[in-house]
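Trainee: Provided below are the primary sequence and the corresponding predicted coordinates.
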Amino acid sequence: MALKCAPIWVCSQTPHSHLGTPDLGSSRGGIVLDLRPSKWECYAFCASAQRAINPVEDEKPNTPGVKTSRTGKIDQAQDNVSSAFHKDLNLLPKPLSKTDLSPFPDAGSNMRVAFQGIPGAYSEDAALKAYPNCETVPCDQFEATFKAVELWLVDKAVLPIENSVGGSVHRNYDLLLRHRLHIVREVQLVVNHCLLALPGVRKQEVKRVLSHPQALAQCEMRLTQLGIIRVNADDSAGAAQMVASSGKRDMGAIASARAAALYGLDILEEKIQDDDDNITRFLILARDPIIPGTDRLYKTSIVFSLEDGPGVLVKALAVFSLRGINLSKIESRPQKGRPLRVVDDSNKGSAKYFDYLFYIDFEASMAETRAQNALGHLQEYAKFLRVLGCYPMDKAL
Ligand SMILES: O=C(O)C(=O)C[C@]1(C(=O)O)C=C[C@@H](O)C=C1
């Protein structure tokens, strides 16, 4: 009977909880700030168990090499032996290799990656840059990309997180916390915005332009120069499609050259963004974390909140500099549902401060002792701490 892999995946989906490891993150927060290396080994064990199942799936009823008795029946003793030991050495489970654990598996064949928008969106470009052979799956909202992964409809989701001109995509930081997916990779994409319009339209005719708010913000100066009114759309490719189907000559879109080709629009101006070097950083999210290594440069993303007290943020950040770990990004977000912290100073009455969550990216792998020690140290000041993912740094543009 063919066995299915599903139980193993369940195991690897929560590699820590099934061993009863306390989750030091939030109750929903998943990840695992468990600094013991055995946690990662546990995940490897699950993956190897999954592979061990495959030979059974392939087994044929009349496997060559199974001897029959002189009566023609399957020799019971022989059969017992053959079920205890595999008949074909090639069918034995193979040890995991570096490629199995690689965060870049075979360019993504058979992989489905969810992105927000419709074909031609920059997020789709990012998915294809990460996994050139993947199947991209459009979603109407960012939240839907998370759900698609959680419901096993796709393998991964791609999420824009910051842009060199427009800054952070704040809502997506909140989504990272609300869901329990793991960051397994980052992708930096050069984003060259184009002004698109119906075929034959001249630039002076365009009075309104549609695009994703982030894309419009990245073209702020040029659009002001041109005196064009901005209109928000769900994504840049969606904007191009709307212009194409509207038939309106005074309506333009800010989108990629690929979107222009897909929806049959003319490019009136290329590189319309305020900064020539316009780069968006995307995160790739998956149900399972990758096993971090030290074979290349890694980045780790965390989120934490802090105990009250003077200088606690300075102390929290010092845990990294003390160990020579560089911080590449810090972002603070108000704590939803608990925005204010009341500080009671009996002499002067009580004061109220905003309560924050801090998102930090630091340049070290969770496989390094210094990173593990830094997080152990950070726990002394943190009320809450969660590792969002440890993944290879993208240096290619
Ligand atoms: O509208 C798109 O095409 C997107 O993929 C969204 C998005 C974003 O949200 O930042 C992605 C990259 C660019 O920075 C502009 C827009």
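Mentor: Received the coordinates, thanks. Residues are numbered from 1 along each chain as shown.
Trainee: how about the helices of the stretch 201-350 of the chain, start to end?
Mentor: With DSSP state H, counting those that start in this stretch, the ranges of helices along the stretch 201-350 of the chain come out as 213-218, 220-226, 236-246, 257-263, 312-321.
Trainee: which of those is buried the deepest?
Mentor: Of the helices of the stretch 201-350 of the chain, the one with the most neighbours on average (mean count of other Cβ atoms under 10 Å) is helix 236-246, at a mean of 23. All C-beta atoms are positioned from the backbone trio N, CA, C, and that covers glycine.
Trainee: hmm, who's touching that one?
Mentor: With Cβ atoms under 8 Å, 6 or more residues apart in numbering as the test, helix 236-246 has contacts from 117-122, 124, 193, 196-198, 210-212, 215, 233, 251-256, 259-260, 262-265.
Trainee: does Val387 count as helix, strand or coil?
Mentor: Of the three states, Val387 takes strand according to DSSP: H, G, I helix; E, B strand; the rest coil.
Trainee: so it makes contact with Phe362?
Mentor: No. Using Cβ atoms under 8 Å as the test, Val387 is too far from Phe362 to be in contact (10.7 Å).
Trainee: any shared contact partners between those two?
Mentor: Residues touching both Val387 and Phe362 (Cβ under 8 Å, 6+ apart): 300, 302.
Trainee: any chance of the helices of the stretch 201-350 of the chain in CSV, with mean pLDDT and distance to Asp155 too?
Mentor: Listed next are the helices of the stretch 201-350 of the chain as CSV, based on pLDDT from 0 to 100; distance: least, Cβ to Cβ, whole Å:
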stretch, mean pLDDT, distance to Asp155
helix 213-218, 95, 25
helix 220-226, 95, 36
helix 236-246, 98, 22
helix 257-263, 98, 23
helix 312-321, 96, 32
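Trainee: So, low pLDDT: which residues of the stretch 101-250 of the chain?
Mentor: For the stretch 101-250 of the chain, residues meeting the criterion pLDDT under 70 lie at 101-107.
Trainee: So which residues on it come close to the ligand?
Mentor: Residues of the stretch 101-250 of the chain lying near the ligand by Cβ under 6 Å from any ligand atom: 117, 121-123, 160, 163, 169, 191, 212, 214-215, 235-237.
Trainee: ok, now with 5 Å
Mentor: 117, 121-123, 160, 163, 191, 212, 214-215, 235-236 (Cβ under 5 Å from any ligand atom).
Trainee: from the residues you listed, which two are the most distant?
Mentor: For these, the maximum inter-member distance is 15.1 Å, found between Gly117 and Asn163 (Cβ to Cβ).
Trainee: Looking at these two, which has the bigger crowd around it?
Mentor: More neighbours surround Gly117 than the other of Gly117 and Asn163, with 26 against 23 (other Cβ atoms under 10 Å).
Trainee: For that one, give me its contacts.
Mentor: Contacts here follow Cβ under 8 Å, 6+ apart; on that basis Gly117 touches 123-124, 138-139, 212, 234-238.
Trainee: quick one, strands of the stretch 51-200 of the chain?
Mentor: Taking DSSP state E, counting those that start in this stretch to define them, one finds strands in the stretch 51-200 of the chain at 112-116, 135-139, 156-163, 167-168, 182-190, 194-197.
Trainee: Out of these, which one sits most buried?
Mentor: strand 194-197 (a mean of 27).
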